[in-house]
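K.L.:
need coordinates for the below:
(chains A and B)
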Amino acid sequence: MNVIETSKLTKYYGEARGIIDVDLVVEEGELYGFIGPNGAGKSTTIRILLSLIYPTSGSAKIFGKDVVEYGAEIKQDIGYLPSEVFYYENMKVKDLLNYSASFYKKDCSKRILELVEIMDLDTSKRIEDLSYGNKKKVGIVQGLLHEPKLIILDEPTGGLDPLIQQKFFNLLKEENKKGVTILLSSHVLSEVQRLCNRVAIIKEGRIVNVEKMSDLASSNYSRFRLETKNPIDKSIFVLDGVSGLKIENNSVSFMYKGDINTVIKIIASIDLLNLWVEEPDLEDIFLHYYE
Amino acid sequence: MNIILRELKAHRRSLIGWSVGMFFLILVGMVKYQGFASSGQSANDLFKGLPTLAALFGVQSVDISTAIGFYSVLFLYILVMVSIHASLLGADIISKEEQDKTAEFLFAKPVTRRQAITSKLQAALINVVILNLVTLVSSVVIVGAYNKGASVTGDILLMMVGMFFIQLIFLSIGTAAAALSKRPKLAAPVATSIMLITFFLSLWLDITKKYSGLKYLTPFKYFEAKTIINNGSYDPVFYALSLGIIVVMLIATYRFYSVRDLSV
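P.N.:
Numbering: from 1, shown residues only, chains lettered A, B, ... in the order given. Next up, the predicted model:
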């Protein structure tokens, strides 16, 4: 079953482009990544799915039901964590969580306790006294407390320290094992790589590609940066799989795709001061992979 | 139900503030009456000589040497106060979710825009009724203490009925402004501007005593205290007109808020 299905989903804000002809299909039980640079249309898509805003044309269905017509009904089973969390100030954490739970037709009190425990949250504090990271934790608990069948996360990890991020991702994986579908939007590739099975790549409002994470990883680029003792000859790096080669004085950088041993052997023959092999950032992906 | 309780809690402090303010407005106003009462008829004569001033203070065709006559002058300012309260409340209760960016939280919950508006309107109605009752009780007790003739409780009760309609008119104008405006910050200024424009229009109509047809444009002319004191009841046309405005504004509130993008 398709949990999310959009068809030619388009949104303009007046003249300004939001998204254009977005076709997105997320199947039940998937951990689906939604990746693209800031302003590409990730939040716009998500806000339409939640009927916070309405599409200019096209349609979106969740659980097989139109999001505009059946918005409130389908939201019984959606958990949402926005990129920036804002809550009613002068409300205590536990009041906010109880208020959040009061919208659902089930008793969430047990799950709240579990999640608060996992996220290590002090529920007696006032929201306005919380740090950004702690507010985000409230957001996580608030989004998961009703045991939703679909979890939508918009840039969820900003402000979370690595430890909590790990806990949070484990929590998501556990939910996913129970059959929960997850849509995770992000501009950080590694985040999506860690978690997702499939990924849609959005650029300037359009979906440019949908990939299995394993395919994306196997055809992955690495970014090499070298610092050498002596100036080196450009020809040494002329081989298949190298792109974007830049040599300035004693520093070399390029993108590489292919058998890693080949390039390592070449590098081994050079007198190095330093070497970095990094995951390409999104910009590199777009530059080298989608053009 | 949860949204109603949430809104009641959120507006509790503000309502207490307005109620205390209202009590003191009436108290201080009527204490001034003492000074006026001792000067007796001379105050009436003074205003007769200065019709514009009389109009500004709403002192026309009533005897301000009586407690209820004096109160009717005060009543204009009570109306202004509850109108500001209702305009701000209406604008705020709808637009606040967007202003504080909590709309993204609220409307990711299984709640329709209509349900949210209904709950918010109910909470606002409760606030408006409470302020009305506080005004009623304060007025009956304080004016009653200065009153020497026949009981004025009936008159005050009728004034409060009129006031309630005015409250509902400005409340619904406030909610409609918030529902229409894509920029939530504009809702309160728009609503209070409409309220002030209609107030000054009613003052101007009192001063010029011309263009009486324009009285239909300003709710402040619908339910005037002097009508109650002199006639004992309001013109039913104004009830109908008020009801019409309220219904149109509520329809606008529901319709526009349901179909527009939230500013998140």
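K.L.:
helix/strand/coil for the nearest residue to A:K75 once chain neighbours are set aside?
P.N.:
Spatially, and ignoring its direct neighbours in sequence, A:K75 is nearest to B:P110 (4.1 Å; CB to CB, 6 or more residues apart in numbering or on different chains). To be clear about C-beta, it is placed using only N, CA and C from the backbone, and glycine gets the same treatment. What DSSP: H, G, I helix; E, B strand; the rest coil gives for B:P110 is coil.
K.L.:
wait, what's in contact with B:P110?
P.N.:
B:P110 makes contact with A:72-76, A:103-104 under the criterion CB atoms under 8 Å, 6 or more residues apart in numbering or on different chains.
K.L.:
just B:M195 next, same as before
P.N.:
Per CB under 8 Å, 6+ apart, neighbours of B:M195: B:83-84, B:87, B:170, B:173.
K.L.:
what does B:Y77 give?
P.N.:
Here B:Y77 is in contact with B:25, B:29 (CB under 8 Å, 6+ apart).
K.L.:
tell me the first helix or strand C-terminal of the helix or strand it falls within.
P.N.:
Using DSSP states H and E, B:Y77 maps to helix B:67-99. On the C-terminal side of helix B:67-99, the nearest following helix or strand under DSSP H and E is helix B:103-106.
K.L.:
what does that next one contact?
P.N.:
Residues from elsewhere that reach helix B:103-106, judged by CB under 8 Å, 6+ apart: A:47, A:52, A:82, A:85-87, A:100, A:142, B:3, B:97, B:116, B:262-264.
K.L.:
tell me how far B:S139 lies from B:F70.
P.N.:
Distance, B:S139 to B:F70, using CB to CB, to the nearest Å: 12 Å.
K.L.:
if we can go back for a sec, what subset of the contacts of B:P110 is buried?
P.N.:
Buried by 16 or more other CB atoms under 10 Å in any protein chain shown: A:72, A:74-76, A:103-104, out of the contacts of B:P110.
K.L.:
so which of the residues you listed comes closest to A:E5?
P.N.:
Set against A:E5, the nearest of those by CB to CB is A:I74 (12.2 Å).
K.L.:
can I assume the closest one is in contact with A:I62?
P.N.:
Yes: contact status for A:I74 versus A:I62: in contact at 4.8 Å, counting by CB atoms under 8 Å.
K.L.:
so which of the contacts of B:P110 belong to helices?
P.N.:
Residues of those located in helices (DSSP state H): A:72-74.
K.L.:
measure B:F75 to A:Y132 for me?
P.N.:
For B:F75, the distance to A:Y132 - CB to CB - is 50 Å.
K.L.:
so these two - more neighbours on which side?
P.N.:
B:F75 (27 against 11; other CB atoms under 10 Å in any protein chain shown).
K.L.:
my guess is A:G258 contacts A:D240, does it?
P.N.:
Yes: if you go by CB under 8 Å, A:G258 and A:D240 touch, sitting 6.2 Å apart.
K.L.:
so which of the two has more stuff around it?
P.N.:
Taking other CB under 10 Å, A:G258 and A:D240 do not tie; A:G258 has more neighbours (14 against 10).
K.L.:
what pLDDT does that one get?
P.N.:
A:G258 is assigned 82 on the pLDDT scale.
K.L.:
what residue is smack in the middle of chain B?
P.N.:
The centroid of chain B falls nearest to B:S83 when counting by CA atoms, centre = their mean (3.0 Å).
K.L.:
OK, contacts around the nearest residue to B:Y146 once chain neighbours are set aside?
P.N.:
In this structure, B:Y146 finds its nearest non-sequential neighbour in B:A67, 4.2 Å apart by CB to CB, 6+ apart. Shown in contact with B:A67 (CB under 8 Å, 6+ apart): B:30, B:33, B:37, B:143, B:146-148, B:152.
K.L.:
try 6 Å
P.N.:
B:143, B:146-147 (CB atoms under 6 Å, 6 or more residues apart in numbering or on different chains).
K.L.:
go through the ones in helices among the contacts of B:P110 and name the one nearest B:V129.
P.N.:
A:A72 (28.5 Å).
K.L.:
my guess is that closest one contacts B:T112. True?
P.N.:
Yes: the pair A:A72 / B:T112 is scored as a contact, 4.4 Å apart, by CB atoms under 6 Å.
K.L.:
from the contact counts, what lies against the helix or strand harbouring A:R194?
P.N.:
Using DSSP H and E, A:R194 sits in helix A:189-195. Packed against helix A:189-195, as judged by 3 or more CB pairs under 6 Å, 6 or more residues apart in numbering or on different chains; DSSP states H and E, are the following elements: strand A:31-35.
K.L.:
where does the chain dip in pLDDT?
P.N.:
Defaulting to chain A. Chain A contains residues with pLDDT under 70 at A:214-220, A:281-291.
K.L.:
please refer instead to chain B.
P.N.:
B:39-44, B:46, B:48-51, B:53, B:55-60.
K.L.:
residue numbers of it in contact with chain A?
P.N.:
Those residues of chain B that sit near chain A, judged by CB under 6 Å from any CB of the partner chain, are B:2, B:101-102, B:104, B:107-112, B:261-262, B:264.
K.L.:
which two among the residues you listed are spaced furthest apart?
P.N.:
So, these by CB to CB: farthest apart are B:N2 and B:D261, at 24.5 Å.
K.L.:
surely B:S19 is within a helix?
P.N.:
Yes: applying three-state DSSP, one finds B:S19 inside a helix.
K.L.:
could you report the neighbour count for it?
P.N.:
18.
K.L.:
now A:V277: phi and psi?
P.N.:
phi -120, psi 110 (degrees, to the nearest 10).
K.L.:
this completes my enquiry, with thanks.
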